[in-house]
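[1] Quick one: sequence plus predicted model below, questions after.
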Amino acid sequence: MFVRGYLRASTDEQDANRARDQLKAFVAERGLTIAAWYVENESGAKLARPELFRLLNDSQPGDVLLIEQVDRLSRLKAADWEKLKAELASRRVRVVALDLPTSWMMATNNTDEFTGRMFEAINGMLLDMLAAVARKDYDDRRRRQADGQAKAKAEGRYKGRPEDTERNAKIAAMLAAKQSWNTIQSFTGCSRATILKIARRESAAAS
């Protein structure tokens, strides 16, 4: 059994590594170690996340996917959440979340079959509930943001998010130097969506 730490933040401005020490402390208390880290800046409302699926592809049956909170794994719509659950089940990957105490026993093999199956069933129900709550929170925040932006636009106050020109210039320079997208992500901490946007802009400017 390997424990695989998954760290996610929604935007480039947020620190996806923020919870790393908490996950380390959690496994240390149980005499475990984290075999690999998977870190990305992608929305939890999107199913297609490169690092999450790299984790799943690397996993063997019985491995643990360790997260700080369930919303780090999913803010997905119901249909996409079912797809992700099916992927986890087919690979027999166990989800352990620091904000879901019923999942903590899944981080060890120190339970008999009956107890293990009981906690797996309870854990599954609570995962569904917390994933639904995370999606509702996401939808509510998006609605409030849209309402606030609409009001600001109506009052002539909305200017949008300022561009990080210094970072984007670095991305453009690295693209021009034929650096890989993985290298650019590691160096700048940006998302692949941001690299794509800059790549398209540079291509349009050159044409």
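    Arrived safely.

[2] can I see the domain layout of this protein?
    For the chain, automatic domain parsing gives the domain ranges 3-135, 165-206.

[3] where does the nearest residue to F2 once chain neighbours are set aside fall, phi/psi-wise?
    In this structure, F2 finds its nearest non-sequential neighbour in A35, 4.0 Å apart by C-beta to C-beta, 6 or more residues apart in numbering. From N, CA and C alone the C-beta is placed, and that goes for glycine too. Phi and psi for A35, reported as degrees, to the nearest 10, are phi -70, psi -30.

[4] Tell me which stretches of this structure form helices.
    20-29, 50-58, 70-73, 78-91, 113-154, 165-176, 181-188, 192-206 (DSSP state H).

[5] circling back: among the domains of the chain, which is the most enclosed?
    Ranked by mean neighbour count, those are led by domain 3-135 with a mean of 16 (mean count of other C-beta atoms under 10 Å).

[6] So for V39, which of the helices of the chain sits nearest?
    Among the helices of the chain, helix 50-58 comes nearest to V39, with 6.4 Å by C-beta to C-beta.

[7] Name the surrounding residues that touch the closest one.
    Outside of helix 50-58, the residues within contact range by C-beta atoms under 8 Å, 6 or more residues apart in numbering are 4, 6, 8, 36, 38-40, 42, 65, 73, 87-88, 91, 93, 192.

[8] Repeat that for stretch 181-190.
    Contacts for stretch 181-190 (C-beta under 8 Å, 6+ apart): D12, N41, R167, K170, I171, M174, L175, Q179, S191, R192, I195.

[9] What separation do you get for Q69 and R142?
    For Q69, the distance to R142 equals 19 Å [C-beta to C-beta, to the nearest Å].

[10] Equivalent analysis for G62, please.
    For G62, the distance to R142 - C-beta to C-beta - is 37 Å.
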